[in-house]
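Undergrad: Quick one: sequence plus predicted model below, questions after.
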Amino acid sequence: MHFIWNICEVSLFLWQMLCLSHLNMVFMKCKLMVWLVLLASLFPQVILAQLQWGDQGNGTFINPVLNADFSDPDVIRVGEKYYMVASDFHFMGMQVLESDDMINWRFASQIFDRLDYEGWDSNKHFGGGSWAPSIRWHNGRFYVFFCTYEEGLFMSSAENARGPWTPLHCLREIPKWEDPCPFWDDDGQAYLGRSRHRAGPIIVHKMSADGKELLDEGVTVYTGPVAEGTKFLKRNGYYYLIIPEGGVGQGWQTVLRAKNIYGPYEKRVVLEQGSTEINGPHQGALVDTPDGEWWFYHFQESSPRGRVVHLQPVRWKDDWPIMGVDIDGNGIGEPVYVWKNPLLSQPSILQTSDEFDAHDLFWAGQRQRSLGLKWQWNHNPFDEAWNMDERKGWLTLKALKSPTLKESHNMLTQKTVGYVSEAITKMDCSKMADSTYGGLLCTGKTFMGVGVCKENGQCWFYLEKDGLRERVKACNKKVVFLKIEIDSRNNRHQFFVSGDGKRYIPVGEPFPMQMGGWKGTRIGLYCYQVEGKGGQAQFDYFHYQILE
């Protein structure tokens, strides 16, 4: 084992030296491939047993570190733990993640469970909801700020990242503000930076110390090309604004600094795609370790998965952060593919599967629930129409009236994880009424579903695509099994059905997915009723396996 570690360390060193020597990208790829093949041939269990992303279990990580749709991530360190929030848009209600090592993450809580504004009970705000939040620790409390596209600027706080969180407090009811970030200066004065829809300019407000009120109309401190995603930092007497510019898929990371919070600010581009394949490496968080090392989290838009999270090493020179590695020698950092872990770690995968056994309780806003934190409702949930009490060990979804899957209530979703994965659920359809539809979903720009429908007393396996429903074959089973295979590398998804959980029959053709409403592909469960006659579907489990 000691020899294996030496091989890994030498390999990492060689990779770093290749980057630092400013070799062209083609040569680097060849060297990296030789390294991987050599290491795999010597110790196949080291490479082949690992996912080709995240923690590799040998003291290194491969980007993305979090291969799921956590767009616009913000991360802070409190003591020796790290906390992340990200945009969840029209899905309830912003997950808080926790990590001990910056690489492996677990769910901690959700900040809210509904938005009590017009249209949120009727699926009218796809792409709305929580945009680009920030999380900060101040005076013994966590603070999270975010804007919604139509409603305004909101804040919630908690003593513990696992909740409970205070009710959402609206600082300003105003549409089309974006990307807020609070900052408490050394003298106690609080500020809030933000931008406007269409990205920019960067505006700084004075704010009350409790984070509940803006004290002025703000001062514009910077105008740039699609400038957004404001994040504050103060270090060595400089105020830093760490902002993305240039747009989601093609942008870069900029850092502004000044001796006064209102400027004038100097500007430097610190991270760009360059000669790598990592498009738009920007918008995230600059974070330190207890030992004084610095790292930068950012997203990469990678449809159909969504915006996945990368981690870059950072060093400081002349009070400017240098992110990634300057591969092409132009003075601007580029994203790394593999690097040494920031801290000692134990590889783990984000929670995905669910037995619906209701053994634990989790905070979602001010309420505790037994439904796992991986699950998010599409728009506001109708709590009277779902439970895990009616039948122990099963999730019951009562059918609410809706013309299609996209408009249905209590659409329960979770992010897809990894490049290749597979989900299976066991569903009891014996209590369906006529015109009830329920099953397994896959959504993005397109709303796809496979499951069982009941028409004129007969149950059928059926397939749905954007409201168009097709009966596939008669279903004479009370309990059925539904499966989806996901291959995001090749953008290929396939539904299956089974009557016994052993032999699965493909339903429909393989289909591609696209991001929709700013979000990547999601999978989950649903049940709705076209005529409002009631009925329900019950789910015994949701088994989600990450394969690559």
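TA: That came through, no problem.

Undergrad: got the contact list for residue 486?
TA: 416, 420-423, 442, 493, 521, 523 (CB atoms under 8 Å, 6 or more residues apart in numbering). In this view, the C-beta of every residue, glycine as well, is placed from N, C-alpha and C.

Undergrad: That one and residue 423: what is the separation?
TA: Remark: distance between residue 486 and residue 423 (CB to CB, to the nearest Å) = 8 Å.

Undergrad: same deal with residue 347?
TA: 21 Å.

Undergrad: before we move on, what about residue 530?
TA: 25 Å.

Undergrad: Please say which of these two ends up with more neighbours.
TA: A direct count of neighbours by other CB atoms under 10 Å for residue 530 and residue 423 places residue 423 higher, at 22 against 18.

Undergrad: Got phi/psi on the more buried one?
TA: The phi and psi values for residue 423, taken as degrees, to the nearest 10, are phi -120, psi 140.

Undergrad: Assign a three-state SS to the residue lying closest to it once chain neighbours are set aside, would you?
TA: Counting by CB to CB, 6 or more residues apart in numbering, residue 423 lies nearest to residue 544, which is 4.5 Å off, once chain neighbours are set aside. What DSSP: H, G, I helix; E, B strand; the rest coil gives for residue 544 is strand.

Undergrad: For the stretch 1-150 of the chain, which segments count as strands?
TA: Using DSSP state E, counting those that start in this stretch, the strands found in the stretch 1-150 of the chain span residues 54-55, 60-62, 71-78, 81-87, 93-99, 106-112, 130-138, 141-148.

Undergrad: rewinding a little: need the overlap of contacts for residue 486 and residue 423.
TA: residue 523.

Undergrad: Excluding chain neighbours, what is closest to residue 416?
TA: Nearest non-adjacent residue to residue 416 (CB to CB, 6+ apart): residue 521, at 4.9 Å.

Undergrad: how many neighbours does the one you found have?
TA: Neighbours of residue 521 using other CB under 10 Å come to 27.

Undergrad: What of the one 10 residues further on?
TA: Other residues within reach of residue 531 by the criterion other CB under 10 Å amount to 12.

Undergrad: Quickly note the distance from it to residue 78.
TA: For residue 531 relative to residue 78 (CB to CB), the value is 52 Å.

Undergrad: for residue 416, same thing?
TA: 29 Å.

Undergrad: How about residue 166?
TA: For residue 166, the distance to residue 78 - CB to CB - is 18 Å.

Undergrad: coming back round to it: of residue 416 and residue 78, who's got more company?
TA: Each of residue 416 and residue 78 has its neighbours counted (other CB under 10 Å); residue 416 has more, 28 against 14.

Undergrad: dump the residue contacts of the closest residue to residue 536 other than its chain neighbours.
TA: Once flanking residues are discounted, residue 536 sits nearest to residue 398: 4.6 Å by CB to CB, 6+ apart. Going by CB under 8 Å, 6+ apart, residue 398 touches 384-386, 410, 527, 534-536.

Undergrad: Can you add secondary structure, distance to residue 194 and pLDDT and give the residues you listed back as TSV?
TA: Shown next, in TSV, are the contacts of residue 398 (DSSP: H, G, I helix; E, B strand; the rest coil; distance: CB to CB, whole Å; pLDDT from 0 to 100):
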residue	secondary structure	distance to residue 194	pLDDT
384	helix	37	96
385	helix	37	96
386	strand	36	97
410	coil	33	92
527	strand	40	98
534	coil	46	91
535	coil	46	95
536	strand	44	97
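
Undergrad: Point to the helix or strand of the protein where mean pLDDT is at its lowest.
TA: None of the helices or strands of the chain scores lower by mean pLDDT, DSSP states H and E than helix 44-48, at a mean of 33.

Undergrad: So residue 161 is in contact with residue 96, correct?
TA: Yes: at 5.4 Å, residue 161 and residue 96 qualify as touching, with contact defined as CB atoms under 8 Å.

Undergrad: what do these two both touch?
TA: 83, 108-109.

Undergrad: Neighbour-wise, give me the winner out of these.
TA: residue 109 (25 neighbours).

Undergrad: Surely that residue touches residue 156?
TA: No: contact criterion CB under 8 Å: residue 109 and residue 156 do not qualify, at 10.6 Å.

Undergrad: which residues are common contacts for these two?
TA: Joint contacts of residue 109 and residue 156 (CB under 8 Å, 6+ apart) are residue 165.

Undergrad: Spatially central residue for the protein, please.
TA: Compute the mean C-alpha point of the chain, and by CA atoms, centre = their mean the closest residue is residue 70, 1.8 Å away.

Undergrad: Just the pLDDT for residue 250.
TA: Note on residue 250: pLDDT of 86.

Undergrad: picking up where we left off before, could you flag which of the contacts of residue 398 are buried?
TA: 386, 410, 527, 535-536 (16 or more other CB atoms under 10 Å).

Undergrad: In TSV: these, plus distance to residue 129.
TA: Listed next are the buried ones among the contacts of residue 398 as TSV, based on distance: CB to CB, whole Å:
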residue	distance to residue 129
386	20
410	17
527	23
535	29
536	27
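
Undergrad: with those in mind, which one is nearest to residue 179?
TA: Closest approach to residue 179 among those (CB to CB): residue 410, at 30.5 Å.

Undergrad: Was I right to think that closest one contacts residue 527?
TA: Yes: between residue 410 and residue 527 there is a contact at 7.2 Å, judged by CB under 8 Å.

Undergrad: joint contacts of those two?
TA: Joint contacts of residue 410 and residue 527 (CB under 8 Å, 6+ apart) are 397-398.

Undergrad: coming back round to it: how about the strands of the stretch 1-150 of the chain in TSV, adding distance to residue 172 and mean pLDDT?
TA: As requested, the strands of the stretch 1-150 of the chain are arranged in TSV below (distance: least, CB to CB, whole Å; pLDDT from 0 to 100):
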stretch	distance to residue 172	mean pLDDT
strand 54-55	38	97
strand 60-62	40	97
strand 71-78	20	97
strand 81-87	19	98
strand 93-99	19	96
strand 106-112	17	98
strand 130-138	14	97
strand 141-148	9	98
